[in-house]
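Colleague: Sequence plus predicted model, see below.
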Amino acid sequence: MKLLLKLLGGLAVVLILIALVVYWFVLPVVATNADRDMNPVVAHEPYDIAPEAAALHETLNVADLHADTLLWMRDPAQRHDYGQTDLPRLREGEVALQVFSTVTKSPSGLNYETNEASSDDITILAIGQHWPMRTWGSIYERAAYQAHRLQEVEREDENFLIIRTRSDLAAMLAARQDNKAVMGGLLAMEGAHPLEGELANVDRLFDEGFRMMGLQHFFDNELGGSLHGISNDGLTEFGQAAVARALELGMVIDVAHSSPAVVEDVLAMTDAPLVVSHTGIKSYCETKRNIPDELMARIAEGGGLIGIGYWEDVTCDASPLGIANVIFYAAEKFGVDHVALGSDFDGTVTTELDTSELAAITDRLLYLGMSTDDIRKVMGENVLRYLSENLPE
């Protein structure tokens with residue numbers, strides 16, 4: 001019996017050691033490889049940029065409405081040779097403001113058609129990337145933790161500011177006139193499931209710095225139906241209350257992954273201008289991922305913004321020229337003042353450029369005949385104007 005107990009004790013020690021090795025060494029490697037595999041930039045020769053386009057791009061204040069960089073364990077403040085964004089590459093791309101979205105739940109077998117809410121791949125990613133234990137079982141804590149990651153960047157980089165108010169935005173842009181390294185980041189929720197059905201969490205997340213609230217992601221949640229969910233429902237009673245409270249606080253509402261019924265309900269309950277942060281145009285690229293043009297038109301008519309993505313599923317052509325074509329089409333269809341960039345960088349999409357190469361889009365817009373004033377608008381000024389009018393004072 002004593003020998004058996006010793007053997008069992010030894011086996012327990014071995015199993016614990018194996019578990020520790022897996023946790024500390026194996027899982028981070030798996031997570032890093034997942035980042036490399038899921039956020040690739042297609043290999044390409046350097047893009048030819050016309051001198052006129054290069055000169056114009058250097059004068060731009062680029063703004064991007066959506067990137068999921070905070071989901072991954074790489075430090076966003078440091079340059080990496082994989083993924084699609086980090087602060088050094090954002091600065092090379094002349095980005096003045098980047099919206100950083102927080103992904104907090106993602107069902108297995110992700111697709112654009114129908115997803116149930118019962119599974120979640122972010123749990124294993126949180127464990128594998130050594131996120132705090134409080135995030136392993138709490139969607140709210142995952143959002144808060146990703147906000148804390150960006151706050152750490154703000155503390156360590158004197159030229160980076162999290163934009164919480166109109167005054168923050170104005171100060172960042174004023175400082176940028178003398179120092180192009182100055183840039184801002186704005187925190188957004190990729191779906192409002194971090195509220196966990198509690199209205200008070202709207203205020204808690206606002207206090208953490210969140211200023212944009214996406215209502216759904218790839219599954220139906222407590223607020224209503226997803227564009228990729230099961231129900232196709234509109235806003236729930238809780239969803240209506242959450243939207244109302246977010247608007248009271250001065251948060252921007254993003255309907256990029258919301259069902260058409262949810263978009264209809266939000267448009268019916270408020271005159272506040274909405275955002276579709278990362279999308280394509282359905283009449284240009286027919287896909288479930290792009291909501292109907294009629295809803296896009298109503299969002300534009302209400303003063304909202306349409307952020308054009310950079311991946312093939314929404315553009316039907318992910319090349320710089322393909323992206324420029326969609327931007328040009330959207331500007332003509334919905335008005336140039338309502339079109340913006342919405343890359344979805346680091347959002348498990350394949351792109352043909354990273355954020356340091358945005359001059360290629362400027363170049364292709366010039367090639368298509370867009371005026372320099374309109375290029376300034378779609379490449380960033382529309383977003384900066386919108387936020388200067390809609391953020392809290």
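Modeller: That came through fine.

Colleague: So which elements touch the helix or strand where Ile327 lies?
Modeller: In this structure, Ile327 sits in helix 320-334 according to DSSP states H and E. Other helices and strands packing on helix 320-334, by 3 or more CB pairs under 8 Å, 6 or more residues apart in numbering; DSSP states H and E, are helix 293-301, strand 305-308, helix 312-315, strand 339-341, helix 359-368. In this view, the C-beta of every residue, glycine as well, is placed from N, C-alpha and C.

Colleague: Report the rounded mean pLDDT for the longest one.
Modeller: Put plainly, it is helix 359-368. Across helix 359-368, pLDDT averages out at 98.

Colleague: can you list the residues that contact that helix?
Modeller: 47-50, 52-54, 56-57, 60, 93-94, 320-321, 323-325, 327-328, 341, 353, 372, 375, 378-379 (CB atoms under 8 Å, 6 or more residues apart in numbering).

Colleague: what's the angle from it to helix 320-334?
Modeller: 60 degrees (axes from the mean of the first three to the mean of the last three CA atoms, to 10 degrees).

Colleague: Now do the buried residues in helix 359-368.
Modeller: Ala359, Ala360, Ile361, Thr362, Asp363, Arg364, Leu365, Leu366 (16 or more other CB atoms under 10 Å).

Colleague: What about the closest residue to Val95 other than its chain neighbours, how many residues nearby?
Modeller: The shortest distance from Val95 to any residue other than its chain neighbours is 4.5 Å, reached at Val62 (CB to CB, 6 or more residues apart in numbering). Close neighbours of Val62, defined as other CB atoms under 10 Å, add up to 25.

Colleague: hang on, Val62 packs against Arg91?
Modeller: No. Look at Val62 against Arg91 with CB atoms under 8 Å: they stay out of range, at 10.2 Å.

Colleague: quick one on the thing from earlier: please type out the ChimeraX selection for whichever of the contacts of helix 359-368 turn out to be buried.
Modeller: Buried residues among those (16+ other CB under 10 Å), as a ChimeraX selection:
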select :47,49,53,56,57,60,93,94,320,321,323,324,325,327,328,341,353,375,378,379
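
Colleague: ok so, going back, check the buried residues of helix 359-368 against Gly191 and report the nearest one.
Modeller: Taking CB to CB as the measure, Gly191 lies nearest Ile361 of the buried residues of helix 359-368, at 27.2 Å.

Colleague: Distance of the closest one relative to Ala340?
Modeller: Noted for Ile361: a distance of 12 Å to Ala340, by CB to CB, to the nearest Å.

Colleague: now Pro107: how far from Leu247?
Modeller: Pro107 sits 28 Å away from Leu247, taking CB to CB as the criterion.

Colleague: contacting residues for the nearest residue to Gly83 once chain neighbours are set aside?
Modeller: Nearest-residue entry for Gly83: Asn39, 4.8 Å, with adjacent residues in sequence omitted and distances by CB to CB, 6+ apart. Contacts for Asn39 (CB under 8 Å, 6+ apart) come out as Trp72, Tyr82, Gly83, Gln84, Phe345, Asp346, Gly347, Thr348, Val349.

Colleague: Of those residues, just say which sits nearest to Ala175.
Modeller: Of all the contacts of Asn39, Ala175 sits closest to Phe345, with 24.3 Å by CB to CB.

Colleague: Isn't that closest one up against Asp354?
Modeller: Yes. Here Phe345 reaches Asp354: they are 7.4 Å apart, a contact under CB under 8 Å.

Colleague: These two: which has the busier surroundings?
Modeller: Phe345 (29 against 24).

Colleague: For the residue lying closest to His228 once chain neighbours are set aside, grab phi and psi.
Modeller: The shortest distance from His228 to any non-neighbouring residue, by CB to CB, 6+ apart, is to Phe218 (4.7 Å). In terms of degrees, to the nearest 10, the main-chain angles of Phe218 are phi -90, psi 10.
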